[in-house]
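J.: have a look at this prediction, sequence included:
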Amino acid sequence: MVPEAFVLVAAGGLGAAIGSFLNVCVYRLPRNESLVHPPSACPRCGTPIAWYDNVPVFGWLWLGGKCRSCRAPISAQYPLVEALIAALWVASAWAFGLTWHAAAAAVFGTLLIGITLTDARHYIIPHEFTIGGLVLGLAIAAAQGWSQLIASAIGAGVGFALLISIAWAGEKVFRKEAMGGGDIWMMAMVGAFVGWKGVLLTIFLGALIGTVVFIPLAWLTRHHPHWERTGEVDSGSGMPHVPFGIFLAAGAAAAFLAGDALLAWYWGFVLGG
């Protein structure tokens, strides 16, 4: 039997490495740049980053958060994301052991963080996260048996069909695109990890969280018109830009971690039990 301490250390190391790659994805995918070429380099002076300076978390700390060559500051996002993903993978291994469910938790969480970062910064959800994540979700389900694979495929289908239906209806009502393709494929990916019930819960929670955030933002926009000059609001509607993928990611995380408990509480509340 593999010692638990070894599993946790290995999970942390693997998570940190994946977090480092996630940083590359978040930076390059919205720019349609290759993930493998050119190698990582300082964005200011273009000096390639040596492997010993590229060690997750510790490389940034060793350099004091600055480029070794030109001393330009390096964003703290890089070590923070690496540490966050490492913690996520350790937590998944600690909570679920050396199981496929732990792998699903770690992979799903990593994808949701990547989606949150890119949607927040660029209003884009790359297909590498959604379609690629869909394939990973189905593969992890397949490793657990046919019943799990079927449940995963049904969840993906429901997620895709439901969001594309909402997008179609929204376009007919509002006479413009109501939802991006990234959100649609994202829900297919989410369904592969949480099933069709989790899809419904994700959309409900995402809409709820989005509403709670949108209302004060709309108020601030109305009372602070200078936001329009900063690009924080839509020039046509005057409403604030609110990337829905962030809220769907939060809802999906809750559905994965506590979906059954939330649904049981809801039906108990509705039925008065």
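T.: Structure received.
J.: relative to Met186, how far out is the spatially most central residue of the chain?
T.: In the chain, the residue lying closest to the centroid (CA atoms, centre = their mean) is Leu112, at 1.8 Å. Counting by CB to CB, to the nearest Å, the gap from Leu112 to Met186 is 9 Å. In this view, the C-beta of every residue, glycine as well, is placed from N, C-alpha and C.
J.: can you check Gly268 too?
T.: Taking CB to CB as the measure, Gly268 falls 30 Å from Met186.
J.: in the stretch 101-250 of the chain, which spans are strands?
T.: In the stretch 101-250 of the chain, no strands are defined using DSSP state E, counting those that start in this stretch.
J.: okay, now the unreliable bits of it?
T.: 174, 176-180, 217-241 (pLDDT under 70).
J.: excluding its backbone neighbours, what's nearest Arg68?
T.: Excluding its sequence neighbours, the residue lying closest to Arg68 (CB to CB, 6 or more residues apart in numbering) is Asp53, at 6.0 Å.
J.: surely Ala153 is in contact with Leu138?
T.: Yes: applying CB atoms under 8 Å, one finds Ala153 in contact with Leu138, separated by 6.6 Å.
J.: need the overlap of contacts for the two.
T.: Counting by CB atoms under 8 Å, 6 or more residues apart in numbering, the shared contacts of Ala153 and Leu138 are Ala192.
J.: how's this protein carved up into domains?
T.: 1-98, 125-273 (automatic domain parsing).
J.: ok, which of these comes nearest Ala104?
T.: Checking those against Ala104 by CB to CB gives domain 125-273 as the closest, at 5.0 Å.
J.: quick one: neighbours of Cys67, just the number.
T.: By other CB atoms under 10 Å, the residues close to Cys67 number 18.
J.: related to what we said a few turns ago, got a list of what the residue nearest to Arg68 touches?
T.: Counted by CB under 8 Å, 6+ apart, Asp53 has contacts 59, 62-63, 68.
J.: if we can go back for a sec, can you say which of the domains of the chain is packed in most?
T.: Sort the domains of the chain by mean neighbour count, taking mean count of other CB atoms under 10 Å, and domain 125-273 sits at the top with a mean of 17.
J.: JSON lines for the domains of the chain, including distance to Ala106?
T.: Formatted as JSON lines, the domains of the chain follow (distance: least, CB to CB, whole Å):
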{"stretch": "domain 1-98", "distance to Ala106": "4"}
{"stretch": "domain 125-273", "distance to Ala106": "10"}
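J.: between those, which one is closest to Leu117.
T.: The closest of the domains of the chain to Leu117 is domain 1-98. By CB to CB, the value is 4.7 Å.
J.: phi, psi of Pro48?
T.: Main-chain torsions, Pro48, degrees, to the nearest 10: phi -60, psi 140.
J.: thought it was touching His37?
T.: No: counting by CB under 8 Å, Pro48 does not reach His37; the two are 11.6 Å apart.
J.: what does stretch 262-273 rub up against?
T.: Applying CB under 8 Å, 6+ apart, the set of residues contacting stretch 262-273 from outside is 197, 201, 254-255.
J.: repeat the analysis, applying 10 Å as the threshold.
T.: Outside stretch 262-273, the residues within contact range by CB atoms under 10 Å, 6 or more residues apart in numbering are 197-198, 200-201, 204-205, 254-255, 258.
J.: which of these fall in helices?
T.: Members of these lying in helices (criterion: DSSP state H): 197-198, 200-201, 204-205, 254-255, 258.
J.: could you export the contacts of Asp53 as JSON lines, including secondary structure and pLDDT?
T.: Putting these into JSON lines (DSSP: H, G, I helix; E, B strand; the rest coil; pLDDT from 0 to 100) gives the following:
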{"residue": "Gly59", "secondary structure": "helix", "pLDDT": "91"}
{"residue": "Trp62", "secondary structure": "helix", "pLDDT": "91"}
{"residue": "Leu63", "secondary structure": "coil", "pLDDT": "89"}
{"residue": "Arg68", "secondary structure": "coil", "pLDDT": "86"}
